[in-house]
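Participant: Can you look at this prediction? I've put the sequence above it.
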Amino acid sequence: MSKTILVVEDDKTVQRMLTEALEAEGFTVIAEKDGDWAVRTFEAKEVDFIILDILIPVMNGFQVAERIRKMPRGQSVPILMISGIYRGVNHRQEAMRKYGVVDYLDKPLRLPQVFDCLKATFGAAYPSPVAAEAEKQAIDAKAPEPYASPESHQETAEVEQRASEVSAAAEIHGNLSDTSFPELLARLYRDKADGALLLQRGKVKKIVYFKGGYPVFVKSNLLNECLGKVMVREKMISEEECEESIRRMKQSSRQQGTVLIEMGCISPHNLQYALELQLRTKLLDLFAWEEGEYRYNPKSSLPPTTVTLDSSTAALIYAGIREKIPLARLQQLLASCSDAYVVPHPDPLFRFQDMELDADGEAFVGRLKGKHTVREILDLGLDKERAYQILYALRCAGMILFEDAPPATEEAEETPEEPEPTQKRERPRAARPPAAGPPPPPPPARPSQPPPIREKVKGRLAECGGVPVPEISESPRSAINLSPEDRDLREKLVRRIMEMRKQDYFDILGVSKNAPVSEIKKAYFSLAKQYHPDRIAVSSTAEIRTLADEIFSLLSTANEVLTDEERRAQYLEELSSGAKRGVSSEVSKILSAEGLFQKGEMALRRRDYGQALQLFEEAVRLCPEEGEFHAYLGWTMFQNDPKNEEVVRRARDALNQAVALNPKVDKAYLFLGYIYKAMNYKEMAEHEFEKAIQCNPDCTEALRELRLLNLRKKESKKKGGLFKRG
């Protein structure tokens, strides 16, 4: 039997590293990010070992350990404490004395130390990866119906309908026996595709939706890929909990994830993880397809969704190859290329895609300079199967080229150390590369629900005029759907743009005016890798994507000018004459809109709704693609005149437009929920609050509203029952 480890860590990168490494060893992993849910999960689940960070939200690691040790089951459970703040021998000795921890490790963690601790703890009971995989396969082999919720059956029917729509206007079609799925993904990445890819093998149909070349959403008619079965397979919930959640959701019309949270089976963060894992499961299955028809329709728009894939295309290609293509098949695919030279792609946009490799993988790729053949590279020392996986993934992603001869010019070396301007997060992050032409129009705003709302709502706002609309506890800007990493990233990008406004091309690349071409290329490659679009989330706001695109574009332009002798001489003349270069008009608009938004938030805080409305309207005019701006415009409209039916309709339309532009704006759903609650549309309000939690598990306002709605439902049932008995 597999052993279950509870990982309590709020740093997404560390949490993910531990989860993947432990699962590869054969452990079952439950991950939580705060102390409160760590304690609740330990109470509800069978846990064999705890890896506990000290500095976590809500309740620190010492407090968690103290609470757990007071429970009967918690007195003997092994705990490994980790910390990047409380370091050293004294903290280690104190933790072992006071909380009985098996070890205390300083960050950054070294995985061999973690494994040594686990092996010492479990001894002969240390799990086997083969046995753990066999357990998952046994669940996969079971009929899917007991795990499938009404939502899953609805998706199956929806895929059939949408498949016909995609096929009707497909512009690209073919068979996977001629173009493999990873090659197809890379092609759509190069084309910066926006649309839908339908894949069919027998009766199985899947639709992959793309945004700026990145696969972001997947629908499938396979019930075996339903959310319930994914969670049971990963031991996030038991079969009994899955069946009970389906029974309850049929009674309440609530979504399965919300029901599981109310049952105490999973935390909001684990719900988000499960939804992302389900998407990933649907997509990676396609890498095992060696045949099947595909059709691509660029006119198909992304359906409204609160959860998307945030991995880069290259990272997904590598993950799919690693998990789904056996070594024998990889050897067959690369057999004809044994004597070809492996050359890095000359374009940094393709060369520096983020494949999310570990240190050994990065070192392996760093040795690919065009001097070695495929045969020689496979003998460079890396594990043979892993070398095949990385090499084939690099080729499919277009990061390397196979050539008949080595390159004539020496490859520019990259600087070994580089600052990290774009913080990595839970997944490899990607921004849309600079568009070749004008961006496509945004998807149409979701129609207001229900359609005949004006007739139904007549008098409703007047009747419910006394219903208070909750105040938002945070200031509007801090409440926007930006994680701390996103906010930090945005600030760094703005600072970099402002610096670039004052710099010439030499300063931008960090080279002197007499630097040779080799030095310029070296500096450019280093910076291009740091600011590559794959370093920014595909789900990031339009504002962040535009800022990142501007920086990457300026770096590329600087390199093109300074590595061309004639253009460089002309540029030096322009500098001597005092010519200045500004940022693009798009970036200027963003910076202006941001200033207006900040003034709008101040007006909203002092409840000057009229002034806030004017400022938000101007911000939206300057940046019509920014979903957050539309969200706060709609909310301010409602706050300014909550009893005016026409104003309320326009407010809802603005919020729906925010969702259409960025389906991950949790505050847009929250505000819609508040409006529907004020109108006494409780079921519609409930659905919006559920979506807010799926977008942002830390949206405490939505969690509070759902608890209140659930409490009132229970009270209503009790009153109804008493009335009937009386």
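Facilitator: Now that the structure is in, tell me what you want to look at. Being a predicted model, the structure only gives us computed values, none of them experimental.

Participant: need the contact list for V517.
Facilitator: By C-beta atoms under 8 Å, 6 or more residues apart in numbering, the residues touching V517 are 562-563. C-beta: built from backbone N, CA, C; applies to glycine.

Participant: And it, what's its pLDDT?
Facilitator: We have a pLDDT of 92 for V517.

Participant: Check M399 too.
Facilitator: Note on M399: pLDDT of 95.

Participant: pretty sure it is touching M355, no?
Facilitator: Yes - assessed by C-beta atoms under 8 Å, M399 is found in contact with M355 at 7.3 Å.

Participant: Report the set of residues contacting both of these two.
Facilitator: In contact with both M399 and M355: A314, using C-beta under 8 Å, 6+ apart.

Participant: quick one: the residue most central in space within the chain and D194, what's the gap?
Facilitator: With distances taken as C-alpha atoms, centre = their mean, the chain has D310 as the residue nearest its mean C-alpha position (3.4 Å). Using C-beta to C-beta, to the nearest Å, we find D310 at a distance of 17 Å from D194.

Participant: which stretches of the stretch 251-400 of the chain form helices?
Facilitator: Using DSSP state H, counting those that start in this stretch, the helices of the stretch 251-400 of the chain run over 256-262, 268-284, 313-324, 327-334, 348-351, 359-366, 374-377, 384-397.

Participant: leaving aside the residues next to it on the chain, what's closest to N710?
Facilitator: E262 (6.3 Å; C-beta to C-beta, 6 or more residues apart in numbering).

Participant: Any idea how many residues pack against the one you found?
Facilitator: 15 (other C-beta atoms under 10 Å).

Participant: isn't it right up against L709?
Facilitator: No - using C-beta under 8 Å, E262 makes no contact with L709, being 10.7 Å away.

Participant: Okay, now the unreliable bits of this structure?
Facilitator: Counting by pLDDT under 70, the chain contains low-confidence residues at 1, 409-487, 537-542, 579-585, 717-726.

Participant: can you rerun that using 50?
Facilitator: Filtered on pLDDT under 50, the chain yields the residue ranges 415-481, 723, 725-726.

Participant: re earlier: could I get the helices of the stretch 251-400 of the chain as a markdown table with distance to Q530?
Facilitator: Output for these, formatted as a markdown table (distance: least, C-beta to C-beta, whole Å):
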| stretch | distance to Q530 |
| --- | --- |
| helix 256-262 | 36 |
| helix 268-284 | 26 |
| helix 313-324 | 16 |
| helix 327-334 | 31 |
| helix 348-351 | 11 |
| helix 359-366 | 14 |
| helix 374-377 | 26 |
| helix 384-397 | 19 |
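
Participant: so which of these gets nearest T4?
Facilitator: T4 sits nearest to helix 268-284 of all those, at 13.7 Å, using C-beta to C-beta.

Participant: for the closest one, packing partners?
Facilitator: In this structure, helix 268-284 makes packing contacts with strand 28-32, strand 214-220, helix 227-233, helix 256-262, helix 313-324, helix 682-695, judged by 3 or more C-beta pairs under 8 Å, 6 or more residues apart in numbering; DSSP states H and E.

Participant: For M399 and M355, indicate the residue with more neighbours.
Facilitator: Between M399 and M355, counted using other C-beta under 10 Å, the more crowded position is M355 (24 against 21).

Participant: and the gap between that one and G320?
Facilitator: Separation of M355 from G320 (C-beta to C-beta) stands at 12 Å.

Participant: Likewise for M81?
Facilitator: Separation of M81 from G320 (C-beta to C-beta): 36 Å.

Participant: Name the residue in those two with the higher neighbour count.
Facilitator: Set side by side, M81 and G320 show more neighbours around M81, with 25 against 22, by other C-beta under 10 Å.

Participant: Which of the three states applies to that one?
Facilitator: When classified by DSSP: H, G, I helix; E, B strand; the rest coil, M81 comes out as strand.

Participant: residue contacts, it?
Facilitator: Contacts of M81 (C-beta under 8 Å, 6+ apart): 52-54, 61, 65, 95, 99, 101, 103-105.

Participant: do that again at 7 Å, thanks
Facilitator: Shown in contact with M81 (C-beta atoms under 7 Å, 6 or more residues apart in numbering): 52, 54, 61, 95, 101, 104.

Participant: Save those as TSV, and put in neighbour count, secondary structure and distance to K521 too.
Facilitator: As requested, the contacts of M81 are exported to TSV (neighbours: other C-beta atoms under 10 Å; DSSP: H, G, I helix; E, B strand; the rest coil; distance: C-beta to C-beta, whole Å):
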residue	neighbour count	secondary structure	distance to K521
L52	27	strand	47
I54	22	coil	44
G61	25	helix	47
A95	23	helix	50
V101	22	coil	50
Y104	23	strand	46
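
Participant: any idea which of those residues is closest to L554?
Facilitator: Of all the contacts of M81, I54 has the smallest distance to L554: 41.5 Å, by C-beta to C-beta.

Participant: isn't that closest one right next to A65, touching?
Facilitator: No - taking contacts as C-beta atoms under 7 Å, I54 lies outside contact range of A65: 9.2 Å.

Participant: hmm, back to that, using a markdown table, lay out the helices and strands packed on helix 268-284 together with distance to S2.
Facilitator: Converted to a markdown table, the helices and strands packed on helix 268-284 look like this (distance: least, C-beta to C-beta, whole Å):
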| stretch | distance to S2 |
| --- | --- |
| strand 28-32 | 5 |
| strand 214-220 | 27 |
| helix 227-233 | 12 |
| helix 256-262 | 21 |
| helix 313-324 | 18 |
| helix 682-695 | 28 |
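
Participant: so what's G61 closest to, chain neighbours aside?
Facilitator: Nearest residue to G61, sequence neighbours excluded (C-beta to C-beta, 6+ apart): I54, at 3.8 Å.

Participant: Now do the contacts for the one you found.
Facilitator: Taking C-beta under 7 Å, 6+ apart, we find I54 in contact with 60-62, 81, 83, 85-86.

Participant: Narrow these to just the buried residues.
Facilitator: Among the contacts of I54, those classed as buried by 16 or more other C-beta atoms under 10 Å are 60-62, 81, 83, 86.

Participant: ok, so of the residues you listed, who is nearest E594?
Facilitator: N60 (35.2 Å).

Participant: Quick one: residues contacting that closest one.
Facilitator: N60 makes contact with 35, 54 under the criterion C-beta under 7 Å, 6+ apart.

Participant: any idea how far Y104 is from it?
Facilitator: For N60 relative to Y104 (C-beta to C-beta), the value is 14 Å.

Participant: just Q278 next, same as before
Facilitator: According to C-beta to C-beta, Q278 and Y104 sit 36 Å apart.

Participant: again, but for L622
Facilitator: 52 Å.

Participant: likewise E133?
Facilitator: Separation of E133 from Y104 (C-beta to C-beta) stands at 32 Å.

Participant: With F217 instead?
Facilitator: Distance from F217 to Y104, by C-beta to C-beta: 42 Å.

Participant: do the same with R329
Facilitator: For R329, the distance to Y104 - C-beta to C-beta - is 45 Å.

Participant: Equivalent analysis for R621, please.
Facilitator: In terms of C-beta to C-beta, R621 sits 56 Å off from Y104.

Participant: Equivalent analysis for F552, please.
Facilitator: 43 Å.

Participant: what do you get for E362?
Facilitator: With C-beta to C-beta as the criterion, E362 and Y104 are 29 Å apart.

Participant: For whatever helix or strand A24 lives in, which helices and strands make contact with it?
Facilitator: Secondary-structure element containing A24, defined by DSSP states H and E: helix 12-25. Packing partners of helix 12-25 (3 or more C-beta pairs under 7 Å, 6 or more residues apart in numbering; DSSP states H and E): strand 4-8, strand 28-32.

Participant: run the last query once more with 8 Å
Facilitator: In terms of contacts (3+ C-beta pairs under 8 Å, 6+ apart), helix 12-25 is packed against strand 4-8, strand 28-32, helix 111-122, helix 129-140.
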